[in-house]
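> Got a sequence here, can you model it:
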Amino acid sequence: MRVFKFRLYPSKKQQEALFAQLNLCRFAYNQLLEELGRNKDKKHIQHYILELKEKHPELKQVYSKTLQYECYRLFSNLTALSQSKKKGNKIGRLRFKGRDWFKTICYNQSGFKLIRQSKRYNLLHLSKIGDIRLLQHREIEGKIKGIIIKRKADSWEAHLITDGKYQIEKGSKVIGIDLGVMSFLTDNDGNKVSSPLYYKQSLSRLKVLQQKLSKKKRGSSNRQKARLQVVKLHEHIVQQRDDFLHKLTTNLVNGCGFIGVEDLRIREMQQSAYNSRNINDCSWGRFLWLLGFKAESAGCQVVKVDPEDTTRECSACGSKQDMPLYMRQYDCPYCGMSLDRDTNSARVILKRALGRGSAEADEYLSMKQEAPTLTFGSGEPKC
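Numbering: from 1, shown residues only. This is a model prediction of the structure:
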């Protein structure tokens, strides 16, 4: 499945219809959750939608498949909670959705149609709502199987789910990469990608907007406007970060056929590190997920290794020494090797990922390799 995101431009009347359907879907979800507390039979919950329509005729304004999806959403949330509990996390009960915590309307299988008008602007027909103007900035691959309408801070988006396959070409290089905060990525050849830290860049602006928000009277329209500015800035930071990660992972897969990475325990690092904000800003988890997804589609192999002692171990002789954070150069007292600490870590990661004998790995690491097609050190990989 592939997802294509497009901006929607609904009229004022269509916006009112979208907000009305959003609230009705939220109401149906909360009613199903309340009924689940009385009767946990799945079949009963599925048929309870018909009773809700009889009790509340306004629900007939919503497309039938959309209401049925709320039942699927409810049990999907229950499954996610169960899986989280199995991993040892503390979980509570499902909560009722408030007005600002429900932002999607789902059209599954039917109730929608894409009407082509031009190369850029088309119409998206949604049952019970009408034809909404859509900015189609790219071609859609595959057949549309479903549509998710998402409410943003001050706009609407359409996520078109298709059966198209994600196609990307892999390269031939074999590299190991070390993730960090100062340098987001360092490979075994010493090439670096500086960490953009978009949240840190926007922190001063965010501080000003949050101060303005705190001074507004609760419930006033001015407070709502100030809150909207804060939300828009957060959305902009997320978009910047996603753009950076998508370009970087695509370039890595295009240039490499084998990638060794650390299997980081990110949650533990966030809880124990003094720079947890910067760790969250780097978004290593999303980077590794995107890299694995794109590598799998291209046939590129990504191997995760144990991160223990990758910084302390010498990539040449295997000896270990303490490496405080202020020491940026690895000087081995046993074999005399002197190397940047991140580059040394990347070589250790590659040696472990290769899974070969020490002599063969050392021979490979001593060979001069051509670096993948990346713009290292600028913070922005080539598109």
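> Would you check how far apart the closest residue to residue 216 other than its chain neighbours and residue 35 are?
Ranked by C-beta to C-beta, 6 or more residues apart in numbering and with sequence neighbours excluded, the top spatial neighbour of residue 216 is residue 223, at 3.6 Å. C-beta here means a position set from N, CA and C on the backbone, and glycine is covered the same way. When distance is defined by C-beta to C-beta, to the nearest Å, residue 223 is 35 Å away from residue 35.
> If you count neighbours, what's buried in stretch 56-75?
59, 62, 63, 65, 66, 67, 68, 69, 70, 71, 73, 74 (16 or more other C-beta atoms under 10 Å).
> meant to ask about stretch 12-21
Of the residues in stretch 12-21, those buried under the neighbour-count criterion (16+ other C-beta under 10 Å) are 14, 17, 18, 21.
> and which of these is nearest residue 298?
Sorting the buried residues of stretch 12-21 by distance to residue 298 puts residue 18 at the head of the list, at 37.6 Å, by C-beta to C-beta.
> Tell me which helix or strand comes right after whichever strand or helix holds residue 287.
Using DSSP states H and E, residue 287 sits within helix 284-298. Once the chain leaves helix 284-298, the next helix or strand it forms, by DSSP H and E, is strand 301-305.
> buried residues in the following helix or strand past that next one?
On the C-terminal side of strand 301-305, the nearest following helix or strand under DSSP H and E is strand 329-331. Taking 16+ other C-beta under 10 Å as the basis for neighbour counts, the residues of strand 329-331 that come out buried are residue 330.
> go on, stretch 140-157?
Of the residues in stretch 140-157, those buried under the neighbour-count criterion (16+ other C-beta under 10 Å) are 144, 146, 147, 148, 149, 151, 156, 157.
> The chain: strands as residue ranges?
2-9, 104-108, 112-115, 121-126, 130-135, 144-151, 156-162, 173-179, 183-187, 192-194, 256-262, 301-305, 329-331, 338-340 (DSSP state E).
> partners of residue 8 in the sheet?
Counting by DSSP bridges, residue 8 forms beta bridges with residue 134, residue 156.
> quick one: furthest residue from the center of the chain?
residue 334 (43.2 Å; C-alpha atoms, centre = their mean).
> check contacts around the closest residue to that one other than its chain neighbours.
Residue nearest to residue 334 in three dimensions, not counting chain neighbours: residue 319, with 4.6 Å by C-beta to C-beta, 6+ apart. Applying C-beta atoms under 8 Å, 6 or more residues apart in numbering, one finds that residue 319 lies in contact with 313, 332, 333, 334, 335.
> wait, doesn't the residue farthest from the centre of the chain sit right on residue 314?
Yes: checked against C-beta atoms under 8 Å, the pair residue 334 and residue 314 is within contact range at 7.1 Å.
> ends of stretch 291-310, how far apart?
Between the opening and closing residues of stretch 291-310 there is a gap of 21 Å (C-alpha to C-alpha, to the nearest Å).
> ok, residues contacting that stretch?
Where contact means C-beta under 8 Å, 6+ apart, the residues beyond stretch 291-310 that reach it are 165-171, 178, 249-250, 252-253, 256-265, 288, 320, 345, 348-349, 352-353, 355.
> Just the buried residues of that stretch, please?
Residues 291, 292, 294, 295, 298, 300, 302, 303, 304, 305, 307, 310 are the ones in stretch 291-310 that count as buried (16+ other C-beta under 10 Å).
> and which of those is nearest to residue 128?
Of all the buried residues of stretch 291-310, the one sitting nearest residue 128 is residue 294; the distance, using C-beta to C-beta, is 37.2 Å.
> So the closest one versus residue 131, what's the distance?
Taking C-beta to C-beta, one finds residue 294 at 35 Å from residue 131.
> With residue 188 instead?
Counting by C-beta to C-beta, the gap from residue 188 to residue 131 is 54 Å.
> who's more crowded, the two?
Shown here are residue 188 and residue 131; by other C-beta atoms under 10 Å, residue 188 has more neighbours (25 against 16).
> Which residues are in contact with the closest residue to residue 339 other than its chain neighbours?
Closest residue in space to residue 339, ignoring its immediate chain neighbours: residue 330 at 5.1 Å, by C-beta to C-beta, 6+ apart. Residue 330 makes contact with 314, 323, 337, 338, 339, 340, 341, 344 under the criterion C-beta under 8 Å, 6+ apart.
> give me that answer again for 7 Å
323, 339, 341, 344 (C-beta atoms under 7 Å, 6 or more residues apart in numbering).
> Between these, which sits nearest residue 231?
residue 341 (39.4 Å).
> Leaving out sequence neighbours, find the closest residue to the closest one.
Once chain neighbours are set aside, the closest to residue 341 by C-beta to C-beta, 6+ apart is residue 330, at 4.7 Å.
> What of residue 270?
Leaving aside its sequence neighbours, residue 270 sits nearest to residue 276 (C-beta to C-beta, 6+ apart; 4.6 Å).
> next one: residue 342
Excluding its sequence neighbours, the residue lying closest to residue 342 (C-beta to C-beta, 6+ apart) is residue 186, at 3.8 Å.
> Quick check: that neighbour touching residue 178?
Yes: contact criterion C-beta atoms under 7 Å: residue 186 and residue 178 qualify, at 4.8 Å.
> list residues touching both of those two?
With C-beta under 7 Å, 6+ apart applied, the overlap between the contact sets of residue 186 and residue 178 consists of 342, 346.
> Check whether residue 240 really touches residue 199, as I assumed.
No: Residue 240 is not in contact with residue 199 according to C-beta under 7 Å; the separation is 9.2 Å.
> Closest one to residue 118 out of the buried residues of stretch 140-157, please.
Compare each of the buried residues of stretch 140-157 with residue 118 using C-beta to C-beta and the shortest gap goes to residue 144, at 18.5 Å.
> how near is the closest one to residue 105?
Distance of residue 144 to residue 105, given as C-beta to C-beta: 16 Å.
> List the residues that contact the residue lying closest to residue 157 once chain neighbours are set aside.
Nearest residue to residue 157, sequence neighbours excluded (C-beta to C-beta, 6+ apart): residue 150, at 4.6 Å. Residues counted as contacts of residue 150 (C-beta under 7 Å, 6+ apart) are 103, 104, 157, 159.
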